[in-house]
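predicted model follows, preceded by the sequence.
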Amino acid sequence: MVRNAVSAKINLNRLQEGLRAKRFGKRIFFSSVVGSTNEWAKELVLLGAPEGTVAIAQTQTGGRGRLGRVWFSPEGGLWFSVVLKPKLKAAEAVKLVFVAGLAVAEVLRELYGLKVETKWPNDVLVDGRKICGILAEMSTVGEKVNFAVLGIGVNANFDAGKVFPEELWGNATSLMNELGRKVKLEELFRVLLERLDCVYEQFLKEGFSLILERWKSYAGFLGKQVVVTSGTETLHGLALDVDNEGALAIRLEDGTVKRIFVGDVSLRAKI
């Protein structure tokens, strides 16, 4: 059900009154439980939702990460998706993930003083563990983006070691785990929307290069030995750069340089 409501943790009316954003948050739809905020946002687009429309839920029962992976979305997290209608070619849509990653990294550092890192292509980490994941999906007409949906999930007011499956305990954290306290979700949501709005506007007006450079300033894996899994291929090498098309460049052990567009990167364990 599509509802514009007030959650127990986020007063949407109050948030919208104080929101300083040009595009995002003028229309916010809330539900206590949805399958996926990305799927809900797509439905809202089909009903005529303009750019900047936000779908937010207290929990997701079918949250998804990259490559169809399950994204656990317990109550206490910040799970939302934003409708975008940029004039981009389909091949450029990956850049939206970096726009969101930069916004999240900047906000978590500035609000909470955390040592935040970005991880190619779509994660934000604290102390090497995932605190935020980002999923961009798009609808295309020919080679152009018709609309995109940008999903952002921040592990906030819960203990990741208690609510996540055991296999994720070493790889995930939350704001509560890192700070030893709960945060004000309404403040986090508002500041994230405002920063995302600002970074997105810069991206549209000034291009990707400056956004990418700021994103790379948080990328702790660059210049280090990494393992990259891409499909059935596993590569070992030195992470050199992320280029203007969003590809990861690594120098393999035989000295050749390879550009990777889809994959997962992790730091190589020291022997």
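That came through, no problem.

bridging residues for the most centrally placed residue in the chain?
Geometric centre of the chain, nearest residue: Ile134, 2.5 Å, by CA atoms, centre = their mean. For Ile134, the beta-bridge partners are Ile152 (DSSP bridges).

next up, the contacts around Val228.
Contacts for Val228 (CB atoms under 8 Å, 6 or more residues apart in numbering) come out as 234-237, 248, 250, 260, 263-265. (Each C-beta comes from the backbone N, C-alpha and C, glycine too.)

highest neighbour count among those residues?
With neighbours defined as other CB atoms under 10 Å, the most crowded of the contacts of Val228 is Leu248; it has 25 neighbours.

I'd say that one and Val265 touch.
Yes. The criterion here is CB atoms under 8 Å, and Leu248 meets it with Val265 at 6.5 Å.

common neighbours of these two, please.
Listed as contacting both Leu248 and Val265 by CB under 8 Å, 6+ apart are 120, 228, 239.

confirm the second one sits in a strand?
When you say that, I think you mean Val228. Yes. Counting by DSSP: H, G, I helix; E, B strand; the rest coil, Val228 is found in a strand.

the shared contacts of Leu248 and Val265 into a markdown table, with extra columns for pLDDT and distance to Asp254?
Converted to a markdown table, these look like this (pLDDT from 0 to 100; distance: CB to CB, whole Å):
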| residue | pLDDT | distance to Asp254 |
| --- | --- | --- |
| Trp120 | 95 | 22 |
| Val228 | 93 | 15 |
| Ala239 | 97 | 16 |
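
and Pro121, what element?
According to DSSP states H and E, Pro121 maps onto no helix or strand at all.

do you know how far the closest residue to it other than its chain neighbours is from Leu193?
The spatial neighbour of Pro121 that comes closest, neighbours along the chain excluded (CB to CB, 6 or more residues apart in numbering), is Val97 at 5.7 Å. Look at Val97 and Leu193: by CB to CB, to the nearest Å, they are 17 Å apart.

and Phe80, by the same measure?
Going from Phe80 to Leu193 by CB to CB gives 9 Å.

overlap in contacts, those two.
Common neighbours of Phe80 and Leu193 (criterion: CB under 8 Å, 6+ apart): Val54.

can you list the low-confidence ranges for the stretch 101-250 of the chain?
Along the stretch 101-250 of the chain, segments meeting pLDDT under 70 span 169.

mind listing the strands for it?
Using DSSP state E, counting those that start in this stretch, the strands assigned to the stretch 101-250 of the chain run over residues 116-119, 123-126, 129-141, 144-154, 225-230, 233-242, 248-252.
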